[in-house]
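[1] I'll drop the sequence and a predicted model, then ask my questions.
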Amino acid sequence: MDSIEREVYLQARPEQVWTALTSPEHFAVWYAFGGASIDLHPGGRLLMRWPEHGEYRGFVEKVEPGRRFAYRYAVTPDVDPLPGNSNLVEFTLTPEGDCTRLHLAETGFDRLDLAADVQVSGQAWDNALAALADSL
């Protein structure tokens, strides 16, 4: 598997979902539990922390306010993202009345320099998206 894709329907307006995805204090509530920093413009730095896993570095790739947010991050802690060690995560928001359809895609697993026995699992994203829905 070279990608993980999920689509969820959220009981929140797109601007609420956008804030949850792009503001560090909200991002830390549902995903990066040890804290986050996001310099919200293409090329801006992104840091995600988990007490049990460490700090993951990345940078913002796309910002289309209220519609699309994408970042690239190193899949191992404490290193900068480079070809062979990073994936792209992209969120796409589609308004549906007073609610939002959110599409998530994490791509790049096929280009990672990982051991053959490392398994790609969407379970972390399933948990994160459930936490996101609960936080809205």
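    Thanks, I have the structure now. Just so you know, these numbers come straight off a predicted model, no measurement behind them.

[2] contact partners for the spatially most central residue of the chain?
    In the chain, the residue lying closest to the centroid (CA atoms, centre = their mean) is Val89, at 5.1 Å. The contact partners of Val89, by CB atoms under 8 Å, 6 or more residues apart in numbering, come to 70-73, 104-106. Heads up, the C-betas are built off the backbone N, CA and C, glycines and all.

[3] which residues in this protein form strands?
    Remark: strands assigned in the chain by DSSP state E are 3-10, 35-38, 45-50, 54-64, 68-74, 86-96, 99-107.

[4] in the first one, what's buried?
    Applying a neighbour-count criterion of 16 or more other CB atoms under 10 Å, the buried positions in strand 3-10 are 4, 8, 10.

[5] quick check: beta-bridge partners of Cys99?
    When bridges are called by DSSP bridges, Cys99 pairs up with Glu96.

[6] elements contacting the lengthiest helix in the chain?
    Criterion DSSP state H: the longest helix present in the chain is helix 123-135. Packing partners of helix 123-135 (3 or more CB pairs under 8 Å, 6 or more residues apart in numbering; DSSP states H and E): strand 3-10, helix 14-22, helix 24-30, strand 99-107.
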